[in-house]
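1. no sequence for this one, just the structure:
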């Protein structure tokens, strides 16, 4: 696996909005004929990222504010073709520091940043995924509990975590401020815009060239931030774990079978036609709110750009990355210990130890699902540009596992601990293995016809599988009450 360096010149980075191409040539090293790299601070940190990370759907994310026709063309271009376009640009990508500080490029020294090796980069990425998988699971469980109240207008509470996760990933996709410091060099839109205005006032034909350079610089910046472990942790770890495709499909089935839990516990009998309308309500409501959340997040990123803080690479490499490793692995170990020895065992003697069913088992299983989704995406999504096989596989497989766990928990067998373990598998492992936020990003990137095919296939195949698994128990014996508190 060839290392993919995320620092220095932007020409070797994969521009945002592209879909992996199996025939694309791997990124090459800089030769003497290439333009000189940007001046950097040797104390800054760069990452040597494995090539497989380029297959992550969140790395393929493009700003939702781009022109739709341009999005339709992007998914058929190879990485090397787009990289060559960046190399041929004559503006910002060759002289960002002179535009930023008004100094001649020859007077600036060029130094290589301190690069983390590929094993360290992967270790930090895994640590971020573990940490944010736990935080995303807790946020999802808390948001579901918060939105389940008597008289709620939306009875399927899984819709709100999916909306929130799509909103956050939309913000991260469009944002150009959080990670704007590219190895010590500031990349902002105001500097090249000022240069373009100066050229235009002077009657120089270079104003059009600078405008093109600005677009190339924005594309290069997006490619850079999506190779940073912290960004992968936020997009793949937190957003992917906050949203849950398996819970979405489960709610569709429960709406179809008239078993959707109501906050007041009441259920009104209805015929098959109304059940079909309930199925459409859950499907259309979740997909529509998730799409609207994604676009709202991108609009918020653009509106809040003047006040959004920026994180320097030196801070993230020296402080944030090691801290995330300690917190991530420590939290996971702590969750396992709390699952073995729950904190309410001694404070409430004789109680059902409901902490394990509500939280600790879920956060103990959450990193396993998140890491499985991460590696499935890196190894499978690049196989077919028009159909993200990795995300499809984990969404369908996670839905099947959730259906099996639901059936086992709703039969009159087993005990409280077994029921709590199954709840932890549903909320933790399946909730983090499947994702709606990534699915929404992929639907926005693909061409319209391919997006409908991919989205429809994902929902229909997962729902059919859920009907086969949960429907057998529901329409034969019926669901028994849970033996544990959830």
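-> Thanks, I have it. Since the model is a prediction, treat every value here as computed from it, not as a measurement.
2. Help me confirm that residue 254 comes into contact with residue 267.
-> No - contact criterion Cβ atoms under 8 Å: residue 254 and residue 267 do not qualify, at 10.7 Å. For every residue, glycine as well, the C-beta is placed using N, CA and C.
3. out of these two, which sits in the more crowded spot?
-> The neighbour comparison of residue 254 against residue 267 (other Cβ atoms under 10 Å) goes to residue 254, with 22 against 11.
4. Tell me the secondary structure at the more buried one.
-> Counting by DSSP: H, G, I helix; E, B strand; the rest coil, the backbone at residue 254 sits in helix.
5. ok, now which ones touch it?
-> When contacts are counted by Cβ atoms under 8 Å, 6 or more residues apart in numbering, residue 254 touches 156, 260-261.
6. Of the residues you listed, just the buried ones, ChimeraX syntax please.
-> Entered in ChimeraX, the line below selects the buried ones among the contacts of residue 254, by 16 or more other Cβ atoms under 10 Å:
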select :156,260
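7. When you compare pLDDT across the contacts of residue 254, which one is lowest?
-> Lowest pLDDT among the contacts of residue 254: residue 261, with 80.
8. Quick check: which element contains it?
-> Under the criterion DSSP states H and E, no helix or strand holds residue 261.
9. ok, now how distant is it from residue 284?
-> 20 Å (Cβ to Cβ, to the nearest Å).
10. pLDDT at residue 484, what is it?
-> Value for residue 484, per-residue pLDDT: 80.
11. how near is it to residue 441?
-> Distance of residue 484 to residue 441, computed by Cβ to Cβ: 35 Å.
12. next one: residue 339
-> 32 Å.
13. now residue 162
-> From residue 162 to residue 441 the distance is 13 Å (Cβ to Cβ).
14. ok now do residue 160, which residues does it touch?
-> Per Cβ under 8 Å, 6+ apart, neighbours of residue 160: 143-144, 147, 154.
15. low pLDDT regions in the stretch 201-350 of the chain?
-> Counting by pLDDT under 70, the ranges of the stretch 201-350 of the chain that qualify are 201-223, 263-265, 344-350.
16. number of nearby residues for residue 326?
-> Neighbour number of residue 326 under other Cβ under 10 Å is 11.
17. how about the strands of the stretch 351-486 of the chain, start to end?
-> Remark: no strands are assigned in the stretch 351-486 of the chain by DSSP state E, counting those that start in this stretch.
18. filter the contacts of residue 160 to the buried ones?
-> With neighbours counted by 16+ other Cβ under 10 Å, the contacts of residue 160 contain buried members at 143-144, 147.
19. returning to that earlier point: neighbour count for residue 339 and residue 441, which is higher?
-> Shown here are residue 339 and residue 441; by other Cβ under 10 Å, residue 441 has more neighbours (28 against 20).
20. I figured the more buried one hits residue 173, correct?
-> Yes - look at residue 441 against residue 173 with Cβ under 8 Å: they come within range, at 7.0 Å.
21. got the contact list for the residue nearest to residue 419 when sequence neighbours are not counted?
-> Closest residue to residue 419 apart from its sequence neighbours, by Cβ to Cβ, 6 or more residues apart in numbering: residue 484 at 3.7 Å. Going by Cβ under 8 Å, 6+ apart, residue 484 touches 352, 354, 357, 409, 416, 419-420, 423.
22. got CSV for those, with pLDDT and distance to residue 274 too?
-> As requested, the contacts of residue 484 are exported to CSV (pLDDT from 0 to 100; distance: Cβ to Cβ, whole Å):
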residue, pLDDT, distance to residue 274
352, 60, 36
354, 71, 34
357, 74, 32
409, 91, 27
416, 83, 35
419, 88, 31
420, 89, 34
423, 92, 29
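23. and the residues you listed, which of them are in helices?
-> 354, 409, 416, 419-420, 423 (DSSP state H).
24. Determine which two of those residues are furthest apart.
-> The distance between the two most remote of the ones in helices among the contacts of residue 484 (Cβ to Cβ) is 14.5 Å, for 354 and 409.
25. The two: which has the busier surroundings?
-> residue 409 (24 against 16).
26. Next one: the residue lying closest to the more buried one once chain neighbours are set aside, what pLDDT does it get?
-> Nearest residue to residue 409 in three dimensions, chain neighbours excluded: residue 422, at 4.2 Å (Cβ to Cβ, 6+ apart). Listed pLDDT for residue 422 reads 93.
27. Would you mind measuring from residue 422 to residue 47?
-> 39 Å.
28. Looking at those two, which one has more neighbours?
-> Higher neighbour count among residue 422 and residue 47: residue 47, with 30 against 25, using other Cβ under 10 Å.
29. Which residue ranges of the protein form strands?
-> 3-5, 45-50, 114-116, 181-182, 185-186 (DSSP state E).
30. what's near enough to touch residue 144?
-> Here residue 144 is in contact with 157-158, 160-161 (criterion: Cβ under 8 Å, 6+ apart).
31. So for the longest helix along the chain, what gets flagged as buried?
-> Counting by DSSP H, the longest helix found in the chain is helix 272-303. The neighbour-count check on helix 272-303 (16+ other Cβ under 10 Å) flags 278-279, 282-283, 285-287, 289-291, 293-301 as buried.
32. Likewise for stretch 326-336?
-> Residues of stretch 326-336 classed as buried: 327-329, 331-332, 335 (neighbour count, 16+ other Cβ under 10 Å).
33. next one: stretch 308-324
-> Buried, per 16+ other Cβ under 10 Å, within stretch 308-324: 311-314, 316-317, 320-321, 324.
34. What of stretch 152-162?
-> Going by 16+ other Cβ under 10 Å, stretch 152-162 has these buried residues: 155-162.
35. closest to residue 388 among those?
-> Taking those together and measuring to residue 388 by Cβ to Cβ, the closest member is residue 162, at 17.7 Å.
36. Can you verify my assumption that that closest one contacts residue 246?
-> No - contact criterion Cβ under 8 Å: residue 162 and residue 246 do not qualify, at 11.3 Å.
37. Just flag the most distant two among the buried residues of stretch 326-336.
-> Taking Cβ to Cβ, no two of the buried residues of stretch 326-336 sit farther apart than 327 and 335, at 12.1 Å.
38. residue contacts, the closest residue to residue 296 other than its chain neighbours?
-> Closest residue in space to residue 296, ignoring its immediate chain neighbours: residue 167 at 5.6 Å, by Cβ to Cβ, 6+ apart. Each residue near residue 167 by Cβ under 8 Å, 6+ apart is listed here: 293-294, 296-297, 300.
39. Quick check: the closest residue to residue 267 other than its chain neighbours vs residue 477, distance?
-> Distance criterion Cβ to Cβ, 6+ apart; nearest residue to residue 267, sequence neighbours excluded, is residue 258 at 6.6 Å. Going from residue 258 to residue 477 by Cβ to Cβ gives 16 Å.
40. where does the stretch 351-486 of the chain have low pLDDT?
-> 351-353, 485-486.
41. quick one: the helices in it?
-> 354-355, 361-380, 389-409, 416-424, 431-433, 437-445, 448-474 (DSSP state H, counting those that start in this stretch).
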